[in-house]
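Chemist: sequence and predicted structure are below.
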Amino acid sequence: MKLIVGIGGMTNGGKTTLANGLRNSLPNCCVIHQDDFFKPQDQIAVGEDGFKQWDVLESLDMEAMLSTVQAWLSNPQKFARAHGVSTQPGAPDIHILLLEGFLLYNYKPLVDLYNRRYFLTVPYEECKWRRSTRNYTVPDPPGLFDGHVWPMYQKYKGEMEASGVEVVYLDGLQPREELLRGTLEDIQNSLLNRS
Ligand SMILES: Nc1ncnc2c1ncn2[C@@H]1O[C@H](COP(=O)(O)OP(=O)(O)O)[C@@H](O)[C@H]1O
Ligand SMILES: O=C(O)c1ccc[n+]([C@@H]2O[C@H](COP(=O)([O-])O)[C@@H](O)[C@H]2O)c1
Ligand SMILES: [Mg+2]
């Protein structure tokens, strides 16, 4: 049985933390991080606002991300081995793929592949504060959050909702352990319902 789970939502909602926790708790589980598919800096457009447009779909190589998902779908055992995930003897027929990132549900070729779509959010002030504590490979220039990151988040979330994509919203203010416990239980129920 194959299960694809999306851990999407806003920047600093806690996606990477949750995905890593789930990977350590689920059998035969691989993670694909959308951040690994950012295009090189010299291919990122500069907007009229003067900011490099990192938070748009065109800044990500989504075709390459889709190919990676297809590689997992065609042979999850081989994919797991290549990514250093050893198959658990107790659950040889279960394979789980977690996709983790801030723009998971706006790219049409991927959107129907998920069995479950989570969407983490925190309030604006918390998001801005958490972001100010992060060190990205390309540091945020002053004003990027309000000038680019937040408006793009709102735009893409609006488009996702308008297109009718079904997501399960998660409150990113919950403690890490609570988020892990709740999603783990939900995923285990999905596995039971499909077996
Ligand atoms: N449930 C949580 N409660 C409080 N802080 C959290 C929680 N989850 C993650 N964080 C912190 O918030 C920041 C962003 O977390 P991260 O998992 O990298 O988010 P994302 O991948 O969504 O940007 C990190 O400093 C992380 O330690
Ligand atoms: O990873 C990178 O190379 C990178 C380079 C520039 C910017 N980012 C930021 O990474 C953010 C998405 O990652 P995350 O973990 O905050 O959801 C997004 O808001 C971008 O502005 C990321
Ligand atoms: Mg992250």
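Modeler: All right, it came through fine. Ligands and ions are numbered 1, 2, ... in the order given.

Chemist: can you give the contact residues for the longest strand along the chain?
Modeler: Taking DSSP state E as the criterion, the chain has its longest strand at strand 2-9. Identification of contacts with strand 2-9 by Cβ atoms under 8 Å, 6 or more residues apart in numbering yields 15, 18-19, 22, 69, 73, 76, 94-105, 113-121, 167, 170, 172, 187, 190-191, 194. (Glycine included, C-beta is placed from N, CA and C.)

Chemist: give me the buried subset of those residues.
Modeler: 15, 18-19, 22, 69, 76, 94-105, 114-121, 167, 170, 172, 187, 191 (16 or more other Cβ atoms under 10 Å).

Chemist: quick one on the thing from earlier: the longest strand of the chain pairs with which strands?
Modeler: strand 95-100 (parallel), strand 116-121 (parallel) (DSSP bridges).

Chemist: including mean pLDDT, could the ones you listed go into JSON lines?
Modeler: Converted to JSON lines, the strands paired with strand 2-9 look like this (pLDDT from 0 to 100):
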{"stretch": "strand 95-100", "mean pLDDT": "98"}
{"stretch": "strand 116-121", "mean pLDDT": "98"}
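
Chemist: of those, which is nearest ligand 2?
Modeler: Closest approach to ligand 2 among the strands paired with strand 2-9 is made by strand 95-100 (8.4 Å; Cβ to the nearest ligand atom).

Chemist: check which helices and strands the helix or strand following the closest one sits against.
Modeler: Using DSSP states H and E, the helix or strand that follows strand 95-100 in sequence is helix 108-111. The contact analysis (3 or more Cβ pairs under 8 Å, 6 or more residues apart in numbering; DSSP states H and E) places helix 108-111 against helix 62-74.
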